[in-house]
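1. how would this look folded up:
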Amino acid sequence: MSATGLPDSSGAAMDASPAGGPAPAPRVSRAGRDLRAAIAVGLVLGAVILGSLFLVRQAFIGVVAAAIAVATWELAGALRRGAGVRIAVAPVLVGGQAMIWLSWPFGLRGVLSAFALTALTCLIWRLWGGAAGYLRDVSASLFTAAYVPMFASFAAMLAVPSDGVARVLCFMLAVIASDTGGYVAGVLRGRHPMAPSISPKKSWEGFAGSLLAGGGAGVLTVTYLLGGQPWQGVLFGATIVVTATIGDLVESMIKRDLGVKDMGWLLPGHGGMMDRLDSLLLSAVVAWLLLSLFV
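-> Okay, the predicted model is just below:
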């Protein structure tokens with residue numbers, strides 16, 4: 001969930017009056033987020049990811065699987081609330097877990113096989129709901145299965161090789177640098193909206209900040225963690241910035257179409273788990289592809 005706009009000064013905390021006036025309001029961003037809560041949640045999530053990588057590398061698969069189960073449930077709920085679409089929740093949840101867990105021993109074959117079986121099950125599952133809305137519901141089920149667990153499986157596959165910890169760090173640090181650089185540049189210089197009809201808070205200045213920070217992170221991580229060439233790091237970082245930005249815009253478009261602000265409410269300051277994964281899902285696919293070529 002990138003933030004590239006200028007924070008609203010009206011979101012600053014109010015001073016409590018000596019006579020017992022209103023308590024200080026949470027410090028919020030221009031998008032209405034509680035910044036302190038968002039930072040705290042981000043630190044906790046980062047600690048969980050790092051702990052899973054450095055203690056038992058395989059545990060990272062479990063972290064991905066748990067996050068994706070929650071995100072899938074949130075997206076299914078948003079589709080139901082916003083558009084009356086009822087996806088095949090059970091097959092998508094079970095099939096999504098199969099995609100992620102089979103990615104470790106079987107790689108792409110495991111992911112694609114699990115996705116194909118999930119698609120087949122969704123087609124059959126929805127038959128008992130009648131013809132009305134069949135194509136709509138099945139299409140949404142297949143979209144959810146591909147967009148959330150299938151894309152996330154590529155993040156899980158990053159951890160499979162012996163240097164998997166370094167690969168995951170390259171991916172995560174590039175996305176974090178992109179989001180942070182975009183936020184800082186947007187706060188300081190954001191003047192020209194990038195896609196006002198989709199995400200009014202995004203600016204071209206923020207995107208430039210993302211490119212600088214993401215490119216720098218790519219050079220440092222790919223060069224020093226994986227022994228790659230600097231040009232590979234630049235290409236990796238810049239590509240991750242593009243996919244992270246597109247991922248954020250895609251989820252913003254989905255939420256606008258459904259008429260919802262957030263996919264869920266699990267993470268204070270962020271919204272739902274799906275709102276935190278928007279820039280990661282598309283980037284995971286590209287990160288796996290590029291690092292498979294470079295390393």
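2. Summarise which helices and strands the strand ranked longest in the chain is packed against.
-> Longest strand in the chain, counting residues (DSSP state E): strand 199-203. Applying 3 or more C-beta pairs under 8 Å, 6 or more residues apart in numbering; DSSP states H and E, one finds that strand 199-203 contacts helix 164-189, strand 193-195, helix 230-258. Bear in mind the C-beta positions are built from the backbone N, C-alpha and C, glycine included.
3. nearest to residue 93, of those?
-> Checking those against residue 93 by C-beta to C-beta gives helix 230-258 as the closest, at 18.9 Å.
4. Tell me how far the longest helix belonging to the chain lies from the chain's centre.
-> The residue-count maximum for a helix in the chain (DSSP state H) belongs to helix 89-125. Offset of helix 89-125 from its chain centre (C-alpha atoms, centre = their mean, to the nearest Å): 20 Å.
5. I'd like to know which elements that helix is packed against.
-> Under the contact definition 3+ C-beta pairs under 8 Å, 6+ apart, helix 89-125 sits against helix 59-83, helix 134-145, helix 151-158.
6. List the buried residues for it?
-> By 16 or more other C-beta atoms under 10 Å, the buried positions in helix 89-125 come out as 89, 91-104, 110-112, 114-115, 118-119, 121-122, 125.
7. hey, which of the helices and strands packed on helix 89-125 is tucked in deepest?
-> helix 151-158 (a mean of 26; mean count of other C-beta atoms under 10 Å).
8. quick one: contacts of that helix?
-> Contact with helix 151-158 is made by 60-61, 64-65, 67-68, 96, 99-100, 103-104, 107-108, 111, 164, 167-168, 171, 277, 280-282, 284-285, 287-289, 291, as judged by C-beta atoms under 8 Å, 6 or more residues apart in numbering.
9. Stretch 113-131 too?
-> So stretch 113-131 is contacted by 86-88, 90-92, 94-96, 98-99, 102, 106, 134, 137-138, 141-142, 145-146, 150 (C-beta under 8 Å, 6+ apart).
10. one more time with 10 Å, if that's ok
-> Here stretch 113-131 makes contact (C-beta atoms under 10 Å, 6 or more residues apart in numbering) with 86-103, 106, 133-142, 144-146, 149-150, 153.
11. One more: stretch 56-65?
-> Applying C-beta under 10 Å, 6+ apart, the set of residues contacting stretch 56-65 is 45, 48-54, 96-101, 103-104, 149, 152-160, 162, 164-165, 168, 277, 280, 284.
12. ok, now with 6 Å
-> 52-53, 97, 100, 104, 152, 155-156, 159, 164 (C-beta atoms under 6 Å, 6 or more residues apart in numbering).
13. So residue 264: helix, strand or coil?
-> Of the three states, residue 264 takes coil according to DSSP: H, G, I helix; E, B strand; the rest coil.
14. Check whether it really touches residue 75, as I assumed.
-> No. Residue 264 is not in contact with residue 75 according to C-beta atoms under 6 Å; the separation is 8.8 Å.
15. and the gap between residue 237 and residue 81?
-> Going from residue 237 to residue 81 by C-beta to C-beta, to the nearest Å gives 37 Å.
16. again with residue 139
-> To residue 81, residue 139 is 18 Å away according to C-beta to C-beta.
17. Low-confidence ranges, this protein, go.
-> Within the chain, the stretches with pLDDT under 70 are 1-35, 37-38, 267-270.
18. Looking at the record's assignment, how would you partition it?
-> Domain ranges of the chain: 56-160, 161-295, per automatic domain parsing.
19. Compare those domains and give me the one nearest residue 40.
-> Proximity to residue 40 (C-beta to C-beta) singles out domain 161-295 among those, at 7.5 Å.
20. distance between the ends of the closest one?
-> End-to-end distance for domain 161-295, by C-alpha to C-alpha, to the nearest Å: 11 Å.
21. Ok, stretch 143-152 next?
-> Stretch 143-152 has an end-to-end distance of 13 Å (C-alpha to C-alpha).
22. before we move on, what about stretch 184-194?
-> 16 Å.
23. In three-state terms, label residue 86 for me.
-> Recorded secondary structure, residue 86: coil (three-state DSSP).
24. I appreciate the help and will end here.
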